[in-house]
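**Student:** got a predicted structure here, sequence first:
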There are 2 protein chains.
Amino acid sequence: MASTANAFSPSLSYNLNTKTKSSTLKPSSPSFFQTRSNVSVRGLCSVELNRGRVAVSRSSRIGLRICASTAELMEAKAPTIVDVDLGNRSYPIYIGSGLLDQPELLQRHVHGKRVLVVTNNTVGAIYLDKVVGALTRGNPNVSVESVILPDGEKYKDMDTLMKVFDKAIESRLDRRCTFVALGGGVIGDMCGYAAASFLRGVNFIQIPTTVMAQVDSSVGGKTGINHRLGKNLIGAFYQPQCVLIDTNTLNTLPDRELASGLAEVIKYGLIRDAEFFEWQEKNMERLMARDPNALAYAIKRSCENKAEVVSLDEKESGLRATLNLGHTFGHAIETGFGYGQWLHGEAVAAGMVMAVDMSYRLGWIDSSIVKRVHSILERAKLPTAPPETMTVEMFKSVMAVDKKVADGLLRLILLKGPLGNCVFTGDYDRKGLDDTLRAFCKS
Amino acid sequence: MASTANAFSPSLSYNLNTKTKSSTLKPSSPSFFQTRSNVSVRGLCSVELNRGRVAVSRSSRIGLRICASTAELMEAKAPTIVDVDLGNRSYPIYIGSGLLDQPELLQRHVHGKRVLVVTNNTVGAIYLDKVVGALTRGNPNVSVESVILPDGEKYKDMDTLMKVFDKAIESRLDRRCTFVALGGGVIGDMCGYAAASFLRGVNFIQIPTTVMAQVDSSVGGKTGINHRLGKNLIGAFYQPQCVLIDTNTLNTLPDRELASGLAEVIKYGLIRDAEFFEWQEKNMERLMARDPNALAYAIKRSCENKAEVVSLDEKESGLRATLNLGHTFGHAIETGFGYGQWLHGEAVAAGMVMAVDMSYRLGWIDSSIVKRVHSILERAKLPTAPPETMTVEMFKSVMAVDKKVADGLLRLILLKGPLGNCVFTGDYDRKGLDDTLRAFCKS
């Protein structure tokens, strides 16, 4: 049932097979991080750790760019590395605890001598010094500037973006500088778009500090800002040099933010990875309790799913749109209800429930999936319905400017078939959509 | 002496050979447009017109995308077509008189059913209706919106750009829409950047209506806006679907704008095409008198030069920077003197004189080139010195944020060797720069 992406196909189906791009071995259990002794670094070399003996075998595909410091990395704690395979714009996602204490990881991706760290007042207060240290330790030629933006989705706008440009220009940064995004999805999206636009494009690095950003927004190169009439309407596809996920940064994440990120984790299971969904059903309490191994596994598996989809369809001509399950309804909630009232993942959770409801009304899935989605979201303490103030008209108004509208037709991601299968389609009975909206809105 | 582009080479030299990317026959005289009967369309097919007989021979390289309507185009007036060869982002530049009366030319590059024309109050008043007609004639499924911006470089800013986004979003345009830039360089740069950013990228078409835009800014995908501290500091590399140059639009161009555009024409001769420079020396009065054939030839030859450079170095890692001869000094004039006081080409003309002066001080060119540059600029009624209010400090302050600064080193385009040769280098005696700045500034 697998199908290639095609912008002109009225309906695309995707199956649940996860063909992992990452070169890491598929873990048989979530304790992978603790027990594995065989890792592979960017597909370039595989390293066996066996009683202190390090054997490096390299593939001839690219070279030994990463392997040079493998032994050093191993002495700290080797990151898991998931590749995003985009030809000459490919990059690694490093995942692990304490990665900000491994300056070499970050420094190998810095171009030029000048760095601008973009962060917000919340995250900056905790991690800015650490990141500056990681950028400059043993590297005295690099100078680091920073710009600290106000925290929150409501500041993801052009006025705030201009503060990044102001700082970059006033600091006389040139084309060989590197922007570093330190924060959640809002910071990553804004810093990425600023990097895409400053001098028509400079290097940038993502250091996501929320589950949401680690499993979704920092990977794949979607950057941008909101417009008062809709989310992410202005932006660019622009890939980072690397994504560095230090899972220790989750220790300071508020509970509500943690849950918000899990909405995207759940999404990957629903759209393409039933096995991962089943693992979540068994382990949701561990995730909510911040079990480091469970979180690390969920992040890795999510990044693998995202990396594979992005590699196949960078510019969202088809397949990539499936990552937006629940997002069309969710964006309407965020826009209609006011940015920042609900977190992105909370809106997506309610949006997924609506998309699942509509899929069921269309006869495309059976009721067991509806129940399982409700159940797992409730266990993640996520909403399963939109805010009571949302009306049918508010949904319709915002959904009309969704980026997935093509020549006036709203295409949606809906589940179809067994768990782990979805379609991206404009070919659905409009009554199904109307019925869903009416079922979830009082007026 | 030819050299490949290399971002890390301290000094790059480029020779004067013009290896034309265009598939048009090299004209032996500027009356080419009138007399030729053998044209080739995008390298795909060659068409011989011989007493009404049309014979089409096609190459097997790509297909017959353009040729389908060749006979129809011939009945009107076939455009000259210069290719910009950028792999799957390649596009044609159509050059000819009356091309806006050939709707098919434009319509084949419109994607989707919705078009947004971005223009200014000056150009829009004259050509908007004509362009809307060309977009919709025989094509009732297409609807056209327009946004009319204030005219002038001083409006090339974020506030004005937001008006384009506002219009696009309020009109509920989707990803399958097409933006059309109708105007000079400011409109082309802003519309292009808006197209690059709206929904992370939609199609766009350039319809440049000034010599400046026709020979330079509409070709090659540089888009962007100014920041109060410098020109074009925020933008994107984003290629159009096509560039349509109707030379009839020059009939309404003010004299000063005409001369401004000729500064860029002269630039191509100086940096890489001595033969073209010599042709200009013979034909400057014809150009100033708007002889249609002379203008068409100058536009075509300029586009060929630009297309070749852009094809070799789209992202300006080396070679492409040579197109900025005089622009570093020129941008300082525009920024220091205030946007819009001098036209871009006027500032570039004075900047070229300064670059040539510095090249001579460094001993890199002989005095005959200095004299010839002065002479041709004077005949084009262009300035040969910066405004009297410019100071050494003003130049240095703006030049420090130039995009060609790399790790703090200002690289310049300077002439070196016989006419038609230049270098892009940071390897020059700083005294040469200081002496030039002092020679042209009172303080």
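**Tutor:** Thanks, I have it.
**Student:** check contacts around the nearest residue to A:Lys396 once chain neighbours are set aside.
**Tutor:** Spatial nearest neighbour of A:Lys396, excluding adjacent residues (Cβ to Cβ, 6 or more residues apart in numbering or on different chains): A:Leu437 at 7.3 Å. Bear in mind the C-beta positions are built from the backbone N, C-alpha and C, glycine included. A:Leu437 sits next to A:354, A:392, A:395-396 when contact means Cβ atoms under 8 Å, 6 or more residues apart in numbering or on different chains.
**Student:** who wins on neighbours among these?
**Tutor:** Within the contacts of A:Leu437, most neighbours by other Cβ atoms under 10 Å in any protein chain shown means A:Met354, with 27 neighbours.
**Student:** what is the burial count for the residue in the stretch 101-250 of chain A that chain B sits nearest to?
**Tutor:** When distances are taken as Cβ to the nearest Cβ, the stretch 101-250 of chain A reaches nearest to chain B at A:Asp174, 4.3 Å away. A:Asp174 has 24 neighbours, counted by other Cβ under 10 Å.
**Student:** now the nearest residue to it once chain neighbours are set aside: phi and psi?
**Tutor:** Closest residue in space to A:Asp174, ignoring its immediate chain neighbours: B:Val405 at 4.3 Å, by Cβ to Cβ, 6+ apart. The phi/psi pair for B:Val405 (degrees, to the nearest 10) reads phi -70, psi 130.
**Student:** before we move on, what about A:Ile148?
**Tutor:** Main-chain dihedrals, A:Ile148, degrees, to the nearest 10: phi -110, psi 110.
**Student:** that one contacts A:Thr122, correct?
**Tutor:** No. Using Cβ atoms under 8 Å, A:Ile148 is not in contact with A:Thr122; the gap is 9.6 Å.
**Student:** does A:Tyr94 count as helix, strand or coil?
**Tutor:** strand (DSSP: H, G, I helix; E, B strand; the rest coil).
**Student:** what's the neighbour count on the residue lying closest to it once chain neighbours are set aside?
**Tutor:** What sits nearest to A:Tyr94 in space, not counting adjacent residues and going by Cβ to Cβ, 6+ apart, is A:Pro79, at 3.9 Å. A:Pro79 sits with 23 neighbouring residues when counted by other Cβ under 10 Å.
**Student:** now A:Cys177
**Tutor:** With other Cβ under 10 Å as criterion, A:Cys177 counts 26.
**Student:** buried residues in the longest helix belonging to chain A, which are they?
**Tutor:** Secondary structure of chain A per DSSP state H: the longest helix is helix A:292-312. Within helix A:292-312, the residues that count as buried by 16 or more other Cβ atoms under 10 Å in any protein chain shown are A:293-312.
**Student:** so for stretch A:97-116, mean pLDDT?
**Tutor:** In this model, stretch A:97-116 carries a mean pLDDT of 95.
**Student:** and what of stretch A:222-235?
**Tutor:** 93.
**Student:** now do A:Asp189 against B:Cys177, distance only.
**Tutor:** 23 Å (Cβ to Cβ, to the nearest Å).
**Student:** swap in A:Phe337?
**Tutor:** A:Phe337 is 28 Å from B:Cys177, where distance means Cβ to Cβ.
**Student:** thinking again about what came up before, how about the residue of the stretch 101-250 of chain A closest to chain B, what does it touch?
**Tutor:** By Cβ under 8 Å, 6+ apart, the neighbours of A:Asp174 are A:112, A:114, A:199, B:403, B:405-408.
**Student:** would you mark the buried spots in stretch A:138-147?
**Tutor:** Buried residues in stretch A:138-147, counting neighbours by 16+ other Cβ under 10 Å, are found at A:142, A:144-147.
**Student:** give me the neighbour count for the residue nearest to A:Asp174.
**Tutor:** 20.
**Student:** so it bridges to which residues?
**Tutor:** B:Leu410 (DSSP bridges).
**Student:** so which residues on the stretch 151-300 of chain A come close to chain B?
**Tutor:** A:158, A:162, A:165-166, A:169-170, A:172, A:174-176, A:193, A:196-201, A:222-224, A:227, A:229-230, A:232-237 (Cβ under 8 Å from any Cβ of the partner chain).
**Student:** what segments of the stretch 101-250 of chain A are strands?
**Tutor:** A:114-120, A:143-149, A:178-183, A:203-208, A:222-227, A:230-237, A:242-246 (DSSP state E, counting those that start in this stretch).
**Student:** would you list every one of the strands in the stretch 301-443 of chain A?
**Tutor:** Using DSSP E, counting those that start in this stretch, strands in the stretch 301-443 of chain A cover A:405-406, A:409-410, A:412-415, A:422-425.
**Student:** contacts for the second one next, please.
**Tutor:** The contact list for strand A:409-410 (Cβ under 8 Å, 6+ apart) reads A:328, A:399-400, A:402, A:404, A:426.
**Student:** where does chain A have low pLDDT?
**Tutor:** A:1-76, A:339 (pLDDT under 70).
**Student:** one more time with 80
**Tutor:** For chain A, the stretches flagged by pLDDT under 80 are A:1-77, A:338-340, A:401-408.
**Student:** thinking again about what came up before, of the contacts of strand A:409-410, buried ones?
**Tutor:** Using 16+ other Cβ under 10 Å, the buried members of these are A:328, A:399, A:402, A:404.
**Student:** residue contacts, the spatially closest residue to the third one that is not a sequence neighbour?
**Tutor:** Which is A:Asp402. By the measure of Cβ to Cβ, 6+ apart, the closest residue to A:Asp402 outside its immediate chain neighbours is A:Thr328, 5.2 Å from it. Neighbouring residues of A:Thr328 by Cβ under 8 Å, 6+ apart: A:351, A:355, A:399, A:402, A:404, A:410, A:412-413.
**Student:** quick one: A:Thr328 from A:Phe276, how far?
**Tutor:** Taken as Cβ to Cβ, the span from A:Thr328 to A:Phe276 is 23 Å.
**Student:** isn't A:Asn283 right next to A:Leu295, touching?
**Tutor:** No. In this structure A:Asn283 lies outside contact range of A:Leu295 using Cβ under 8 Å: 9.9 Å.
**Student:** hmm, back to that, ok, so of the contacts of A:Asp174, who is nearest A:Glu257?
**Tutor:** A:Glu257 lies nearest to A:Arg114 out of the contacts of A:Asp174, by Cβ to Cβ, at 31.2 Å.
**Student:** got a list of what that closest one touches?
**Tutor:** Contacts of A:Arg114 (Cβ under 8 Å, 6+ apart): A:142-145, A:171, A:173-174, A:176-178, B:407.
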